[in-house]
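Engineer: When you get a sec, could you give me coordinates for this:
(2 chains)
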Amino acid sequence: MTRVIGVLSGKGGVGKTTITANLSVSLAWDYGCNVIALDANTTSSNLGLALGSYRFPVTLNDVLAGKADITDAIYAHPSGLKLIPSSSFNDDLKVEPTAIKGVIGSLKEFVDFIVLDCPPTLGKETTAMIDSIDEAVIVTNPDWGALLEAKRTVDFLKESKKKVLGLVINKAELEPEEISKIKQALGVPVLGVIPLDEAVTKSADKRVPFIHLYGRTRPSRAFKKVMEEVTGQSFPNRSLVEKIVGWFD
Amino acid sequence: MDFDAFTEEVSRKIKKKKLKVKSLSSKKQKEVLENVILDDECTSIPQMDVSTKVYK
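Structural biologist: Numbers count the residues shown, from 1 in each chain, chains lettered A, B, ... in the order given. From the prediction side, this is the model:
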């Protein structure tokens, strides 16, 4: 059965696109799943950039505007992932976000996962995306603004009867009791805490997800645990050294 | 950050494809999608221009 996972945050700039890129390529490359990553942020798209390319001749914006067929807006990433990017052109801003549901419906039967990089806020575009997902991963940072917006998003998802897989607390160094307090306050599990590390910024600059470019660093080890939570399966091909180091993280 | 690469990226011209809605029947669209998505070699869709050798 296909899983449609939305990556949301409420607040912008918390690392949602970075998490979507890493989650999608890892499902495709490490777990060997058939995956489509969809840049659902049609007004401020970045997922293509996080995966290596910035501008595309046909995008989701064209599809949602009724100007192109979805079959023309799919691109192959070398990890095996398929990407449906959004546009980086201001000419393409007029789209009908509610059409996303039909797009996802047409893709569903061919893949194991569809991962949506959703827009921030709970505006019309985001709520249309939420309507088309089954499950959500919430990305947040350990600050008041990000946590309050994450809480608001969690509440909205629960009211919309969507399954919240849990939180990824990004750019964070937290003690176990702090993690526990966040978990309690937001009422959802914590899937992982990704430390702020040079490996993340360097990989963003090189446009390659950190889990593959710097696979043995702390952020990657933390993210592998997130992958295990999301898939319910052990991360494939971890070396013994990595497993031992992971116990002490 | 490599600001030279950034400057080059934002000034790069991309030729937008001349769009034409195919108005495929749902059966035909399903067939095309199946070919596109399940093609392991990814020969039937455009490849992303990614310079990394991580996935070789």
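Engineer: Any idea how many residues pack against residue A:119?
Structural biologist: Burial of residue A:119 is recorded as 26 neighbouring residues (other CB atoms under 10 Å in any protein chain shown). Where C-beta positions appear, they are placed from N, C-alpha and C, glycine not excepted.
Engineer: What are the buried residues along the longest strand along chain A?
Structural biologist: Assignment by DSSP state E gives strand A:163-170 as the longest strand of chain A. Of the residues in strand A:163-170, those buried under the neighbour-count criterion (16 or more other CB atoms under 10 Å in any protein chain shown) are A:164-170.
Engineer: Show me which residues of chain B are close to chain A?
Structural biologist: Residues of chain B lying near chain A by CB under 8 Å from any CB of the partner chain: B:1-2, B:9, B:12, B:14-17, B:19-22, B:24, B:29-30, B:32-34, B:36-38, B:40, B:42, B:45-52, B:54-56.
Engineer: If you go by neighbour count, which of the residues you listed are buried?
Structural biologist: Listed as buried from these are B:16, B:19, B:29, B:32-33, B:36-37, B:42, B:45-46, B:48, B:50, B:52, B:54; burial here means 16+ other CB under 10 Å.
Engineer: residues touching the most centrally placed residue in chain B, list them.
Structural biologist: Geometric centre of chain B, nearest residue: residue B:46, 4.0 Å, by CA atoms, centre = their mean. For residue B:46, the contact set (CB atoms under 8 Å, 6 or more residues apart in numbering or on different chains) comprises A:57, A:75-76.
Engineer: If we use 10 Å, what do you get?
Structural biologist: Going by CB atoms under 10 Å, 6 or more residues apart in numbering or on different chains, residue B:46 touches A:53, A:56-58, A:72-76, B:17.
Engineer: tell me the phi and psi of it?
Structural biologist: Here is the backbone geometry of residue B:46 (degrees, to the nearest 10): phi -60, psi 140.
Engineer: do you know how far it is from residue A:65?
Structural biologist: As judged by CB to CB, to the nearest Å, residue B:46 and residue A:65 stand 20 Å apart.
Engineer: Run through who's touching the longest helix seen in chain A.
Structural biologist: Longest helix in chain A by number of residues (criterion: DSSP state H): helix A:144-159. If you take CB under 10 Å, 6+ apart as the criterion, helix A:144-159 is touched by A:6, A:8-15, A:118, A:120-122, A:126-127, A:130, A:133, A:135-136, A:138-141, A:162-164, A:166-167, A:169-172, A:182, A:185-188.
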